[in-house]
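*Asks:* Give me a 3D structure for the following:
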Amino acid sequence: MTGVDDESILYHRFVIRHYPDNLQIYDPYLVKNDSEATERNLREHLNEEERRKYDEYRDTIEFSRQYQEFTGRPYLANYLRPRPRHFMWPAEYFGQKHWIESAETHYTQMPPPEKLNQVLSSEEDGNWGRPLKEMGPRVLEEYRSQQPALNMTLEVLSVAPRVFSIQNFLSEVEVDHILQLAGGIKLARSTVGNAEKDLGKNASKEEVKSTSRTSLNSWVHRSWSPMIDSIYRRAADLMRIDEALFRQRTEDERPDLASKQPLAEQLQLVHYDPGQEYTAHHGKIVWV
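*Replies:* Residues are numbered from 1 along each chain as shown. Okay, here's the model as predicted:
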């Protein structure tokens, strides 16, 4: 790093190495082993708001140092991040449990095919794809468990990263229905992230395929049947997130959120043959 006006002035020299030694930090105000001189630089060059941001970033650097000592990998984010907008279940110790109740009870009988038509989204469709009362009647209730509510348990398997076990989330009837839908879908080689976008529209199919992900997969839309829609609603109850955020919303639904983009992906079906895998992979940032 050199001066803007005089490239002969060398401020900092560094070498980009492989992960986890790929983070390099240069602080133009820091005077090593002289906290008073550092403080004078900060007061001279930064206003109040800039100083606040500087202090937050120094906290992030210190947190990253401690995090790497503890985990062996750097912390690739800002430490003083704002509180998550959506609810997150805590994972404070192994075996910790959370109990959740949902009106979206299990399907115990397979409805006839004519009742499993695609869920439409126009206003004339009533409750199909629209909000439902929290514990009110469910769609196709006569084909469900007669219990008033479904009780689910989240059990912590890992604290960092946060991993939960959810027993009995789907009924056998629901699993059979998903497999029936999958029978009419052509599975394709799995890809990672926005591979096609990153590589360009003219990228070959072989280029888009990922060596880190060798399975076959496809997708089931929430709107393909009321049973899939119910599973999405159950997942929203499980996570204590408004189910409207998992689908396209009307203008009057959650006007507090500027984006109408759903938070949830389509239901992903993945097939693994012996020896196929999904190894660790990383996102890609392109600086322009």
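*Asks:* M1 - how many residues pack around it?
*Replies:* When counting by other CB atoms under 10 Å, one arrives at 11 neighbours for M1. In short, each C-beta sits where N, CA and C put it, glycine included.
*Asks:* right, and it touches Y26 too?
*Replies:* Yes: if you go by CB atoms under 8 Å, M1 and Y26 touch, sitting 5.9 Å apart.
*Asks:* list the residues that contact both of the two?
*Replies:* 11-12 (CB atoms under 8 Å, 6 or more residues apart in numbering).
*Asks:* quick one, what contacts N117?
*Replies:* Residues near N117 by CB under 8 Å, 6+ apart: S225.
*Asks:* In three-state terms, label it for me.
*Replies:* Assigned with DSSP: H, G, I helix; E, B strand; the rest coil, N117 falls in the coil class.
*Asks:* what about it, distance to A244?
*Replies:* Plainly put, N117 is 22 Å away from A244 if you go by CB to CB, to the nearest Å.
*Asks:* Would you mind writing the CA trace of the helix or strand where R51 lies as CSV?
*Replies:* Using DSSP states H and E, the element containing R51 is helix 48-71. What follows is helix 48-71, C-alpha atoms only, in CSV (Å, rounded to 0.1, in the frame of the first residue of the first chain):
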residue,chain,number,x,y,z
GLU,A,48,-17.2,11.5,16.3
GLU,A,49,-19.1,9.2,13.9
GLU,A,50,-15.9,8.0,12.2
ARG,A,51,-14.4,7.3,15.6
ARG,A,52,-17.4,5.3,16.6
LYS,A,53,-17.0,3.1,13.5
TYR,A,54,-13.3,2.8,14.0
ASP,A,55,-13.8,1.6,17.6
GLU,A,56,-16.3,-1.0,16.4
TYR,A,57,-13.9,-2.3,13.8
ARG,A,58,-11.1,-2.6,16.3
ASP,A,59,-13.5,-4.6,18.5
THR,A,60,-14.2,-6.8,15.5
ILE,A,61,-10.4,-7.3,14.9
GLU,A,62,-9.8,-8.2,18.5
PHE,A,63,-12.8,-10.6,18.5
SER,A,64,-11.5,-12.2,15.3
ARG,A,65,-8.1,-12.8,17.0
GLN,A,66,-9.7,-14.4,20.0
TYR,A,67,-12.1,-16.4,17.8
GLN,A,68,-9.2,-17.7,15.7
GLU,A,69,-7.2,-18.7,18.8
PHE,A,70,-10.3,-20.7,20.0
THR,A,71,-11.5,-22.2,16.8
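*Asks:* Mind listing residues that contact that helix?
*Replies:* Defining contact as CB under 8 Å, 6+ apart, one finds that helix 48-71 is touched by 20, 23, 25, 27, 29, 42, 46, 73-75, 78-80, 160.
*Asks:* quick check: mean pLDDT across it?
*Replies:* Regarding helix 48-71, the rounded mean pLDDT is 90.
*Asks:* List the buried residues in it.
*Replies:* 60, 64, 67 (16 or more other CB atoms under 10 Å).
*Asks:* Can you name the element that comes right after that helix?
*Replies:* Sequence-wise, the next helix or strand downstream of helix 48-71 (DSSP H and E) is strand 97-102.
*Asks:* partners of the next helix or strand after that following strand in the sheet?
*Replies:* Remark: after strand 97-102, the chain's next helix or strand is strand 150-158, criterion DSSP H and E. Paired strands of strand 150-158, with direction, are strand 97-102 (antiparallel), strand 163-166 (antiparallel) (DSSP bridges).
*Asks:* Those: which one's closest to T38?
*Replies:* Ranking the strands paired with strand 150-158 by proximity to T38 (CB to CB) places strand 163-166 first, at 41.5 Å.
*Asks:* So which bits of that closest one are buried?
*Replies:* For strand 163-166, burial by neighbour count (16+ other CB under 10 Å) applies to F164.
*Asks:* average pLDDT across that strand?
*Replies:* Mean pLDDT, computed over strand 163-166, is 95.
*Asks:* and that strand, C-alpha only, in CSV?
*Replies:* Provided in CSV are the C-alpha atoms of strand 163-166 (Å, rounded to 0.1, in the frame of the first residue of the first chain):
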residue,chain,number,x,y,z
VAL,A,163,-27.7,-27.6,14.8
PHE,A,164,-31.0,-29.0,16.0
SER,A,165,-32.6,-32.4,15.8
ILE,A,166,-36.4,-32.4,15.0
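*Asks:* chain center to it, what's the gap?
*Replies:* Distance of strand 163-166 from its chain centroid, counting by CA atoms, centre = their mean, to the nearest Å, is 15 Å.
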